[in-house]
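> Curious how this folds, go ahead:
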Amino acid sequence: MGLSMGKRAFAEFFGTFWLVLGGCGAAVLAAGFPQMGIGFVGVAFAFGLTVLTMAYAVGHISGCHLNPAVSVGLAVGGRFQWRDLPAYVLSQVAGAIAGSAVLYGIASGKAGFNVHAGFATNGFGPHSPGGYALGACLLCEVVMTFVFLMIILGSTDARAPKGFAPIAIGLGLTLIHLISIPVTNTSVNPARSTGPAIFEGGLALQQLWLFWLAPIIGAALAGLVYPILARQPELTVGQAEAQVSKAMRT
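Below is the predicted model:
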């Protein structure tokens, strides 16, 4: 991509920081605000808008993955270098933790705040917003992440309409949240799950494994399926990765 890994890693850190602060912040600070709360719909749009805004802000720098599952799915699909995966994942997780720390600092400024009563964490069973069982939550996260990666792979394909990838990806994430907030509080992103879970602890931390396993499975499946479905011409990983970056900035 022509940019140093340091710059790309910082872009992933910053983008994931904004995703967690913006998306989880909307859930923690604004969703249930008396009489004027934004509710599930507002939170869903908040997550979609964080990705949309960061796609335009840093997509031309790092590709705007903001999500370990996205990085894995793109690597499986031949759009991203496997050797770059550790740096991206570490930056994404660090950004998510930093975003959660800022959110905690803001939220704890209100009298009566209890981080264990809900910090936008993900969960199943007793920790699922709607009380959904482990199997249902696993299926939901795998399928939602699969669809998310299919949207990303399709909208950044060289043959897709130019300039619309960030919009499709942001709206896709919004729709995913509209479907799955009641089930798992919507992860589809291991980094997004990790940051808040570290601060809430308890069940959120104990159940975190699911929100690494399921999104990565779903993303990897999409990375395998999309190239078959689209019948892409043979490209080097570098060429394919350049297409993703171009689609994010065009």
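> Centre-most residue in this structure?
With distances taken as Cα atoms, centre = their mean, the chain has Asn189 as the residue nearest its mean C-alpha position (4.1 Å).
> Could I get the buried residue list for stretch 59-72?
Residues of stretch 59-72 classed as buried: 59-72 (neighbour count, 16 or more other Cβ atoms under 10 Å). C-betas here are computed from N, CA, C, even on glycine.
> Could you single out the nearest of the residues you listed to Leu139?
Closest approach between the buried residues of stretch 59-72 and Leu139, by Cβ to Cβ: Ala69, at 15.7 Å.
> That closest one contacts Thr194, doesn't it?
No: between Ala69 and Thr194 there is no contact under Cβ atoms under 8 Å: 11.9 Å.
> now His23, nearest residue through space, not along the chain?
Careful, residue 23 is Gly and not His. Leaving aside its chain neighbours, Gly23 sits nearest to Phe47 (3.8 Å; criterion: Cβ to Cβ, 6 or more residues apart in numbering).
> And the one you found, how far from Arg83?
Shown here: Phe47 relative to Arg83, a distance of 29 Å by Cβ to Cβ, to the nearest Å.
> More neighbours: which of those two?
Neighbour comparison, Phe47 and Arg83: the larger count goes to Phe47, with 26 against 10 (by other Cβ atoms under 10 Å).
> where's the more buried one, which helix or strand?
Take DSSP states H and E as the rule and Phe47 turns out to sit in helix 39-62.
> Please spell out which residues along that helix are buried.
Buried-residue list, helix 39-62, by 16+ other Cβ under 10 Å: 40, 43-55, 57-62.
> Output the contacting helices and strands for that helix.
Helix 39-62 makes packing contacts with helix 5-19, helix 165-184, helix 237-249 when contacts are defined by 3 or more Cβ pairs under 8 Å, 6 or more residues apart in numbering; DSSP states H and E.
> and if we set it to 10 Å?
Applying 3 or more Cβ pairs under 10 Å, 6 or more residues apart in numbering; DSSP states H and E, one finds that helix 39-62 contacts helix 5-19, helix 25, helix 85-107, helix 165-184, helix 237-249.
> Put together CSV for these, with distance to Gly135, mean neighbour count and mean pLDDT on each row.
Shown next, in CSV, are the helices and strands packed on helix 39-62 (distance: least, Cβ to Cβ, whole Å; neighbours: other Cβ atoms under 10 Å; pLDDT from 0 to 100):
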stretch, distance to Gly135, mean neighbour count, mean pLDDT
helix 5-19, 28, 22, 97
helix 25, 31, 22, 96
helix 85-107, 26, 20, 98
helix 165-184, 11, 21, 97
helix 237-249, 34, 19, 64
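> returning to what we had before: from the chain's centre, how far out does the helix holding Phe47 sit?
Here the centre of mass of C-alpha atoms in helix 39-62, compared against the chain's by Cα atoms, centre = their mean, to the nearest Å, lies 9 Å away.
> ok and it relative to helix 85-107, angle-wise?
140 degrees (axes from the mean of the first three to the mean of the last three Cα atoms, to 10 degrees).
> rewinding a little: hey, what's in contact with both of Ala69 and Thr194?
Between them, Ala69 and Thr194 share these contacting residues under Cβ atoms under 10 Å, 6 or more residues apart in numbering: 92, 187, 211-212.
> my read: the residue nearest to Gly23 touches Arg192, true?
Yes: between Phe47 and Arg192 there is a contact under Cβ atoms under 10 Å: 8.4 Å.
> Mind listing the shared neighbours of those two?
Going by Cβ under 10 Å, 6+ apart, residues that sit against Phe47 and also against Arg192 are 19-20, 23-24, 186.
> Under the pLDDT cut-off, which ranges of this protein? List them.
Counting by pLDDT under 70, the chain contains low-confidence ranges at 1, 232-250.
> Give me the outermost residue of it relative to its centroid.
Relative to the chain centroid, the chain (Cα atoms, centre = their mean) has Ala111 farthest, 30.6 Å.
> where's it, which helix or strand?
Mapping Ala111 onto the secondary structure by DSSP H and E places it in no helix or strand at all.
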